[in-house]
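Visitor: Next comes the sequence, and after it the predicted model I'd like to discuss.
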Number of protein chains: 2
Amino acid sequence: MKELNIELHQGDCMDVMAGLPDNSVDMILTDPPYGIKYQSHGRTKSPKFEVLKNDDNDMRFVAYKEMYRILADDSVLVTFASWKNYHKDYAELEKYFDIKNVIVWWKHGGGMGDLKHTLATDYELAIVCHKGKCKLRGKREGSVWECGKVAPSKMVHATQKPVKLMRDLILKYTDEGDTVLDGFMGSGSTGVACVETGRNFVGIELDEKYYGISAERINEAQTATEGE
Amino acid sequence: MKELNIELHQGDCMDVMAGLPDNSVDMILTDPPYGIKYQSHGRTKSPKFEVLKNDDNDMRFVAYKEMYRILADDSVLVTFASWKNYHKDYAELEKYFDIKNVIVWWKHGGGMGDLKHTLATDYELAIVCHKGKCKLRGKREGSVWECGKVAPSKMVHATQKPVKLMRDLILKYTDEGDTVLDGFMGSGSTGVACVETGRNFVGIELDEKYYGISAERINEAQTATEGE
DNA sequence: ACTACGGTTGAATCCTGAA
DNA sequence: GTTCAGGATTCAACCGTAG
């Protein structure tokens, strides 16, 4: 396999993105904090994961604008949302992009909270934003994608996305050798998916701990795919 | 089975709702025009169905406020949306209601449009809005509901919802003998589901033709369930 | 290869009290 | 008044281990 260009940054995504040229990446696939101060596992005492850094609306909204500049024409930005913050992200993204699809990631499995009065929320939304016209690779598909979530014992980040889901998205919107950007790496699933599918990757993470975890996971994926 | 109270009105839903007392219905289940000037089957010449009447944002937004008044405490309004207008409805409904869930109705099967550049949208969203606290009947459930769509050959309305879907929603949020309101009847599926589940029904439809179709379908359902 | 069983979990929600 | 933080609560599904 041709050698990939993997470029990781620890720091604020606005600072790092400022150094990236216009129209320079072929896809942006990212999962910013939703602005809900999510405390994983409902525990405030000895939580498994800390509350996320950068967890406010303005942060990601400013980033979306900068991402539009960096993204190449005829490419997509895919960003995640829950039904509670979706309407805010939609209204913001609509200013720059053509929103052409919203994919429902059906993750199955229970929810939490007041289950007498509310249904368990077992999906998240992926907003597909076009800059120009990005053609879809592979076979024709619907907008509800079933994919199991990461097993709790294997979780290294509170809101970790499955590599399989990221891989499917990358395969749908890019070609081999393209470059993918993730401004909020978290656990680094996007980067791992890039390595597995032969895409170059630019990853940014503010939190030192998660930067380290991301780098390690991506490195492991590179070792695993060597000699293929 | 106890005799049901079925009350159908042909006219503007604002006019009819003005005559309904506060807190007088136990659920509102409705599917207003989405404000996207939907022309069924992509045809502008000799379309199968005409462009819907009442198809603008303001109409349903004003109606939502009036519906809040009519709805009893500890009950829900369930209204449908697509991902394209969801953010507008959400922002409006949030002013009056507690939005507690958004159900994804996964209808399977392809959509239309530019399939080289967009995925087929094969779901719609049902926004569950609480006035007070409405408890859920039956077993605990997730938020993605699979239900096949109405066969094209049996369609009598451009945006017709399956009776099964409406029945499941009614069973989840009401008890037998409760009263359900639909301010935008369309094909009358909500009314048919009420008859089948033993709920009283108040239905309103502006369009004369669809009012007739609704009345007929509901009437047939009543005949079919007689003697049960 | 499978099944059975028990512990753990969840982009949550409610309530109370402090600031 | 209103916002914010902490602790209790939730249960079907999933995971991991044993047999």
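Guide: Sure thing, it's come through.
Visitor: In chain A, spot the helix with the most residues.
Guide: helix A:208-225 (DSSP state H).
Visitor: Convert the C-alpha atoms of it to CSV, please.
Guide: Below are the C-alpha coordinates for helix A:208-225, written out as CSV (Å, rounded to 0.1, in the frame of the first residue of the first chain):
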residue,chain,number,x,y,z
GLU,A,208,-3.7,16.4,25.8
LYS,A,209,-4.9,13.1,27.1
TYR,A,210,-7.2,12.4,24.2
TYR,A,211,-4.5,13.6,21.8
GLY,A,212,-2.2,10.9,23.2
ILE,A,213,-4.9,8.2,22.9
SER,A,214,-5.8,9.2,19.3
ALA,A,215,-2.1,9.1,18.3
GLU,A,216,-1.7,5.7,19.8
ARG,A,217,-4.8,4.2,18.2
ILE,A,218,-3.9,5.6,14.8
ASN,A,219,-0.3,4.3,15.2
GLU,A,220,-1.6,0.9,16.1
ALA,A,221,-3.8,0.9,13.0
GLN,A,222,-0.8,1.7,10.8
THR,A,223,1.2,-1.2,12.3
ALA,A,224,-1.7,-3.5,11.7
THR,A,225,-2.1,-2.6,8.1
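Visitor: Please work out which residues outside it touch it.
Guide: Helix A:208-225 has contacts (Cβ atoms under 8 Å, 6 or more residues apart in numbering or on different chains) with A:1, A:4, A:6, A:8, A:10, A:156-157, A:185-189, A:191-192, A:195-196, A:201, A:203, A:205. Heads up, the C-betas are built off the backbone N, CA and C, glycines and all.
Visitor: buried subset of the residues you listed?
Guide: A:4, A:6, A:8, A:10, A:156-157, A:185-189, A:191-192, A:195-196, A:201, A:203, A:205 (16 or more other Cβ atoms under 10 Å in any protein chain shown).
Visitor: out of these, which are inside strands?
Guide: Counting by DSSP state E, the buried ones among the contacts of helix A:208-225 place A:Ile6, A:Leu8, A:Gln10, A:Phe201, A:Gly203, A:Glu205 in strands.
Visitor: would JSON lines of these with distance to B:His130 and pLDDT be doable?
Guide: Output for these, formatted as JSON lines (distance: Cβ to Cβ, whole Å; pLDDT from 0 to 100):
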{"residue": "A:Ile6", "distance to B:His130": "47", "pLDDT": "98"}
{"residue": "A:Leu8", "distance to B:His130": "45", "pLDDT": "98"}
{"residue": "A:Gln10", "distance to B:His130": "43", "pLDDT": "98"}
{"residue": "A:Phe201", "distance to B:His130": "43", "pLDDT": "98"}
{"residue": "A:Gly203", "distance to B:His130": "41", "pLDDT": "98"}
{"residue": "A:Glu205", "distance to B:His130": "38", "pLDDT": "97"}
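Visitor: In chain A, where is pLDDT below threshold?
Guide: In the predicted model of chain A, residues A:1, A:41-46, A:227-228 satisfy pLDDT under 70.
Visitor: Can you pull the residues of it lying near DNA strand C?
Guide: A:31-34, A:36, A:38-43, A:48, A:52, A:80, A:82, A:84, A:107, A:109-114, A:117-118, A:120-122, A:124, A:149, A:152, A:155, A:158-159 (Cβ under 7 Å from any atom of the strand).
Visitor: what do you get if the cut-off is 6 Å, keeping everything else the same?
Guide: A:31, A:33-34, A:36, A:38, A:40-42, A:80, A:82, A:110-114, A:117-118, A:124, A:149, A:152, A:155, A:159 (Cβ under 6 Å from any atom of the strand).
Visitor: what ranges do the strands span in chain A?
Guide: A:6-10, A:25-30, A:71-81, A:98-106, A:123-131, A:144-146, A:179-182, A:200-205.
Visitor: got JSON lines for those strands, with distance to chain B too?
Guide: Shown next, in JSON lines, are these (distance: least, Cβ to the nearest Cβ, whole Å):
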{"stretch": "strand A:6-10", "distance to chain B": "29"}
{"stretch": "strand A:25-30", "distance to chain B": "14"}
{"stretch": "strand A:71-81", "distance to chain B": "9"}
{"stretch": "strand A:98-106", "distance to chain B": "4"}
{"stretch": "strand A:123-131", "distance to chain B": "5"}
{"stretch": "strand A:144-146", "distance to chain B": "5"}
{"stretch": "strand A:179-182", "distance to chain B": "19"}
{"stretch": "strand A:200-205", "distance to chain B": "23"}
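Visitor: Make JSON lines out of the ones you listed and add distance to B:Val102.
Guide: Shown next, in JSON lines, are the strands of chain A (distance: least, Cβ to Cβ, whole Å):
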{"stretch": "strand A:6-10", "distance to B:Val102": "35"}
{"stretch": "strand A:25-30", "distance to B:Val102": "22"}
{"stretch": "strand A:71-81", "distance to B:Val102": "11"}
{"stretch": "strand A:98-106", "distance to B:Val102": "10"}
{"stretch": "strand A:123-131", "distance to B:Val102": "9"}
{"stretch": "strand A:144-146", "distance to B:Val102": "14"}
{"stretch": "strand A:179-182", "distance to B:Val102": "26"}
{"stretch": "strand A:200-205", "distance to B:Val102": "30"}
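Visitor: The ones you listed into CSV, with extra columns for distance to DNA strand D?
Guide: Below are the strands of chain A laid out as CSV (distance: least, Cβ to the nearest atom of the strand, whole Å):
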stretch, distance to DNA strand D
strand A:6-10, 26
strand A:25-30, 23
strand A:71-81, 20
strand A:98-106, 10
strand A:123-131, 13
strand A:144-146, 10
strand A:179-182, 24
strand A:200-205, 24
